[in-house]
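**Student:** build the 3D model from these lines:
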Amino acid sequence: MREKKMLRRTAAGMIAAVLMAGGISTAYAAETPGLSLGNDGAVAAEISLLQPDSTYYFPVQYTREDGRLVQVRASEADALELEVRSGEALDGAEIRTWNGRCYVRLETAGDIRDGERYTTELTLRYDRGGDEETLDFAVTAGLRAASLSSVQAGEPIPVRTYMPLYTVAQQMKLARLNLWRPVTFVGEGWSFTGTLTAKGTVDFSVTRESIPAVERYLDGAPAAYLGFPGGGNFENGKLTIDLSQFREEFDGTVYAYRYLYGRLYRIPSSYDAEANTITLSVTNLGRYVLTDEKIPEATIVD
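**Tutor:** Reported below is the predicted structural model:
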């Protein structure tokens, strides 16, 4: 269990270009006068379930007594204060400015992938010339378990990014439905086939982020990365990866390695140049490196 409490004064900074550019806007709203947070795209701070290990930017806004909704300007950044009161959903929270506006930046924790929901309570304060406005709000983060309502026996199971968890009970249901034969899960650019053993919750969340230590070791050699948080156990597992999803171009045979505890371990695999896929033989899921470089077994890279 983590206990976090932090009180951070506003610090100006440039937010990454994941936010749409735009000027200070004024609009009419039917909201009660006071401080509020806008949405990050389709994500609402107090309503949406935030994803683990993710960063969100919620615009700070204020509804005036006449009903006008205005964005709090970057020039007022020093008038804002954000306090994290309690909870385990976040690894970081602060005020940031970009393009003339103020935002609440929230960074969710990465180790909340067990299907539970984690909540953090915060307070945002806004000093309007001696009159302090306060917004108490809470955010919830976690992962949803998959829905099996449309699953048919013998059919591939589509993995949805917002519901990537398969609990032990769900795996048992799938195993019985398929008469204990291998089951295929299909994600974006990958598929996994194996016989379910239901020894733990499986998380099919996917990352394609590079591993800095491996990048340094390869020193410019082309490599692609596909990683899963891990969990679960399968008999005769086969992970097939579509190489066309990566920008890297490989020269010749592609090899697969698992990155584990700072080392690279060769994974038995078969490369299909015509289909531009590689199939790995695995019993559980982890972080994989794909490259046309031959690397000695258990090479230390970190």
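**Student:** and the longest helix for this protein?
**Tutor:** Longest helix in the chain, counting residues (DSSP state H): helix 168-177.
**Student:** how close does residue 81 get to residue 132?
**Tutor:** Residue 81 sits 9 Å away from residue 132, going by Cβ to Cβ, to the nearest Å. From N, CA and C alone the C-beta is placed, and that goes for glycine too.
**Student:** please identify which of these two sits among more neighbours.
**Tutor:** residue 81 (17 against 12; other Cβ atoms under 10 Å).
**Student:** could you point out which element follows the strand or helix carrying residue 236?
**Tutor:** Element membership for residue 236 (DSSP states H and E) is strand 234-242. Remark: after strand 234-242, the chain's next helix or strand is strand 255-260, criterion DSSP H and E.
**Student:** neighbours of residue 115, how many?
**Tutor:** 14.
**Student:** same thing with residue 71?
**Tutor:** Residue 71: 22 neighbours (other Cβ under 10 Å).
**Student:** same check, this time on the one 3 residues further on
**Tutor:** Counted by other Cβ under 10 Å, the residues lying close to residue 74 total 17.
**Student:** leaving out sequence neighbours, find the closest residue to it.
**Tutor:** For residue 74, ignoring the flanking residues on the chain, the nearest one in space by Cβ to Cβ, 6 or more residues apart in numbering is residue 97 at 3.9 Å.
**Student:** likewise residue 215?
**Tutor:** residue 223 (7.2 Å).
**Student:** torsion angles phi and psi at that neighbour?
**Tutor:** phi -160, psi 150 (degrees, to the nearest 10).
**Student:** unless I'm mixing things up, it is touching residue 210, no?
**Tutor:** Yes: Residue 223 is within contact range of residue 210, at 7.4 Å (criterion: Cβ atoms under 8 Å).
**Student:** name the helices or strands packed onto the longest helix of the chain?
**Tutor:** Using 3 or more Cβ pairs under 8 Å, 6 or more residues apart in numbering; DSSP states H and E, the elements in contact with helix 168-177 are strand 190-196.
**Student:** and the strand it packs on, average pLDDT?
**Tutor:** On average, the pLDDT along strand 190-196 is 94.
**Student:** and the helices in this structure, which stretches?
**Tutor:** Using DSSP H, helices in the chain cover 168-177, 212-218.
**Student:** turn those helices into a markdown table, including mean neighbour count.
**Tutor:** Formatted as a markdown table, those follow (neighbours: other Cβ atoms under 10 Å):
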| stretch | mean neighbour count |
| --- | --- |
| helix 168-177 | 16 |
| helix 212-218 | 16 |
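**Student:** of all those, which one is nearest residue 104?
**Tutor:** For residue 104, the closest of these is helix 212-218, at 28.4 Å, according to Cβ to Cβ.
**Student:** contact partners for residue 114?
**Tutor:** 143, 201 (Cβ atoms under 8 Å, 6 or more residues apart in numbering).
**Student:** look up how far residue 200 lies from it.
**Tutor:** In terms of Cβ to Cβ, residue 114 sits 10 Å off from residue 200.
**Student:** please consider this matter closed, and thank you.
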